[in-house]
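Student: Let me see the structure of the following:
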Amino acid sequence: MARYRGPQSKIARRFNEPIFGPDKALERKNYGPGQHGNNRRSKKSEYAGQLAEKQKAKYTYGILEKQFSNLFKEATRRKGITGEILLQLCETRLDNIVYRLGIAPTRRAARQLVTHRHITVNGQIVNIPSFAVYVGDTVAVREKSKSLEVITNSLVNSTEKCEYVEWNSDLMSGKLLVLPQREQISENIKEQLIVELYSK
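Tutor: Here you go, the predicted structure:
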């Protein structure tokens, strides 16, 4: 299955943000990677800034170029603000919903839970991380997987609560209540720059 398998701290240092979660390397070296990381010129071209935002979004949601390009095409077809719709499409992927519900500590862990068939959508096992979750869909932990240590630990330690999802700890299931608005999406992504890049 296509996904980014390279170094994570290097990417986090490139954007100076903990994209993949808490990162000790980023805390120690809060400058770009490589021998010139500390002395790299700060002025970037307009294109460089747009490209950086696209790369940041791709790494954040664990999406490769072809899939991300397809999401943008889908966003342009829909009515509304293209950049906001693009983020909504990323947010409503199954692996991201699993992460937002607190079932997994990171998006990578959420992706693994989905591919290993631990997650159901509306009672059916779904093992496709990019599966689109719609408003009203119920995402739950499979009955046989409810005692998994990685899931129980994540649920206990989960502190971030999202307004657009609802979690029922008794049933170990959650629901997408509404499509997230831009202000409800906590990711530091300038989506307008991505739209400008693809619109060239």
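Student: Report the contact partners of the closest residue to V141 other than its chain neighbours.
Tutor: Setting aside the residues directly before and after it, V141 is nearest to M172 in space (C-beta to C-beta, 6 or more residues apart in numbering), at 4.5 Å. Heads up, the C-betas are built off the backbone N, CA and C, glycines and all. Residues in contact with M172 (C-beta atoms under 8 Å, 6 or more residues apart in numbering) are 140-141, 146, 155.
Student: send the alpha carbons of stretch 52-70 over as CSV?
Tutor: Taking C-alpha atoms only, stretch 52-70 is exported to CSV below (Å, rounded to 0.1, in the frame of the first residue of the first chain):
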residue,chain,number,x,y,z
ALA,A,52,5.7,23.8,1.1
GLU,A,53,2.0,24.1,2.1
LYS,A,54,1.0,21.3,-0.3
GLN,A,55,3.8,19.1,1.0
LYS,A,56,2.9,19.8,4.6
ALA,A,57,-0.8,18.9,4.0
LYS,A,58,0.3,15.7,2.2
TYR,A,59,2.6,14.6,5.1
THR,A,60,0.0,15.6,7.7
TYR,A,61,-2.7,13.4,6.3
GLY,A,62,-0.4,10.7,5.0
ILE,A,63,-1.5,11.1,1.3
LEU,A,64,0.8,10.7,-1.7
GLU,A,65,0.8,13.1,-4.7
LYS,A,66,-1.6,11.2,-7.1
GLN,A,67,-4.3,10.8,-4.4
PHE,A,68,-3.9,14.4,-3.2
SER,A,69,-4.2,15.7,-6.7
ASN,A,70,-7.4,13.6,-7.1
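Student: Give the buried residues for that stretch.
Tutor: Across stretch 52-70, burial judged by 16 or more other C-beta atoms under 10 Å covers 52-63, 67-68.
Student: same check, this time on stretch 105-125
Tutor: So for stretch 105-125, counting by 16+ other C-beta under 10 Å, buried means 105, 107-114, 118-121.
Student: any idea how the protein splits into domains?
Tutor: As assigned by automatic domain parsing, the chain contains the domains 8-89+186-198, 93-178.
Student: lowest average confidence, helix or strand, in this protein?
Tutor: In the chain, no helix or strand scores lower on mean pLDDT, DSSP states H and E than helix 24-28, which sits at a mean of 56.
Student: Looking at this protein, which helix is longest?
Tutor: helix 46-61 (DSSP state H).
Student: Can you name the element that comes right after that one?
Tutor: Scanning forward in sequence from helix 46-61 by DSSP states H and E, the next helix or strand is helix 65-77.
Student: Relative to the whole chain's centre, how far out is that next one?
Tutor: Offset of helix 65-77 from its chain centre (C-alpha atoms, centre = their mean, to the nearest Å): 15 Å.
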